[in-house]
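Asker: any chance you can model this:
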Amino acid sequence: MGWWRCSRRCDCREQVSKDDGERRCDDSTNFVANIAEIVEILTINSEILAINSQILAINSEILAVNVEILAINSEILAVNIEILAINPQIFEVNPQILGVNPEILAGRLVAPARHLSIVSGVSCSDLGRALRAKKRRESMAYGVVHFFPGGTKEQYEASLAAVHPDRNSLPKGQIYHAAGPSAGGWTIVAIHDSKASWESFRDNTLLPQLQAGVEGGFANPPQEQAFEAYNLQK
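Answerer: Alright, predicted model coming up:
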């Protein structure tokens, strides 16, 4: 066995046996190659980590947007429930068309809304009670008492002719009308079949006529009292 100097491109300067020299040089070359592969893998992993961080940031932004959307939808849902509680007539359908009792229909429409209480905090039973109470109030007769201080029969007749063109019939929705002199002036009592009926007559007929001025009519606005008619006998 003779001595051998490494002839490969490495820094090996040690004189060793040929077999040992080749083995040592191979080990050194493999070590350098392994280090290069590890560095390359680390570089790739760093890039992957950076990409994952960007994806995580994007997902966090998407999550924040979805939370805002959920909050907005919850507010919209709460508003819609309030609208339903205020306007039960949404559930009223002509029974002649459907052949179904509208109250039963309203109950069927409300029933699927039980899950709404999870978001809104309003239970189905509370919503149903609100709808029924609102419906009873809307179907209840509504009375209005007007007292005109210093009013006279002549002023009443002039004002009546302006707002009740047909003396032989009452305005739509009005089911009772009485008027006469009272202490210090003139009193008029009107009963409508609902508060909505009275408000429609007031806003579309009475106020426009009085604001336009009635010749010979009442000089001043009345003192008003209104009430829901608990008992109405005809």
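Asker: low-confidence ranges in the protein?
Answerer: The chain contains residues with pLDDT under 70 at 1-28, 84-139.
Asker: now do the helices in it.
Answerer: Counting by DSSP state H, residue ranges of the helices within the chain are 18-86, 95-98, 102-110, 116-120, 124-139, 153-163, 195-201, 207-212.
Asker: for the nearest residue to W186 once chain neighbours are set aside, what are its contacts?
Answerer: Nearest residue to W186, sequence neighbours excluded (C-beta to C-beta, 6 or more residues apart in numbering): G151, at 3.1 Å. (Glycine included, C-beta is placed from N, CA and C.) For G151, the contact set (C-beta atoms under 8 Å, 6 or more residues apart in numbering) comprises G185, W186, F218.
Asker: the second one contacts A158, doesn't it?
Answerer: No: W186 is not in contact with A158 according to C-beta atoms under 8 Å; the separation is 11.7 Å.
Asker: between these two, point out the one with more neighbours.
Answerer: Between W186 and A158, W186 has the larger neighbour count (other C-beta atoms under 10 Å), namely 22 against 15.
Asker: one step back: pick the one among the contacts of G151 closest to S60.
Answerer: Of all these, the one sitting nearest S60 is F218; the distance, using C-beta to C-beta, is 69.5 Å.
Asker: and that closest one, how far is that from L206?
Answerer: Relative to L206, F218 is positioned 12 Å away (criterion: C-beta to C-beta, to the nearest Å).
Asker: domains of this structure?
Answerer: 14-139, 141-228 (automatic domain parsing).
Asker: distance of E215 from P222?
Answerer: Distance, E215 to P222, by C-beta to C-beta: 18 Å.
Asker: more neighbours: those two, which one.
Answerer: Taking other C-beta under 10 Å, E215 and P222 do not tie; P222 has more neighbours (19 against 8).
Asker: next, count neighbours for the nearest residue to the more buried one once chain neighbours are set aside.
Answerer: Of all residues not flanking P222 in the chain, H146 sits nearest, at 3.8 Å (C-beta to C-beta, 6+ apart). Using other C-beta under 10 Å, H146 is surrounded by 21 other residues.
Asker: contacts only, for H146.
Answerer: Residues counted as contacts of H146 (C-beta under 8 Å, 6+ apart) are T187, I188, V189, A190, P222, Q223, E224.
Asker: surely the fifth one touches G150?
Answerer: No: because the distance of 11.0 Å does not satisfy C-beta under 8 Å, P222 is recorded as not touching G150.
Asker: you'd agree Y142 is up against H192?
Answerer: Yes: using C-beta under 8 Å, Y142 is in contact with H192, at 4.9 Å.
Asker: neighbour count winner among these two?
Answerer: Taking neighbours as other C-beta under 10 Å, Y142 and H192 compare with H192 leading, 26 against 23.
Asker: can you pull the contacts of that one?
Answerer: By C-beta under 8 Å, 6+ apart, the contact list for H192 reads A141, Y142, G143, V144, G173, Q174, I175, W198, F201.
Asker: kindly state the beta-bridge partners for the third one.
Answerer: According to DSSP bridges, I191, F227 are recorded as the beta-bridge partners of G143.
Asker: neighbours of it, how many?
Answerer: 18.
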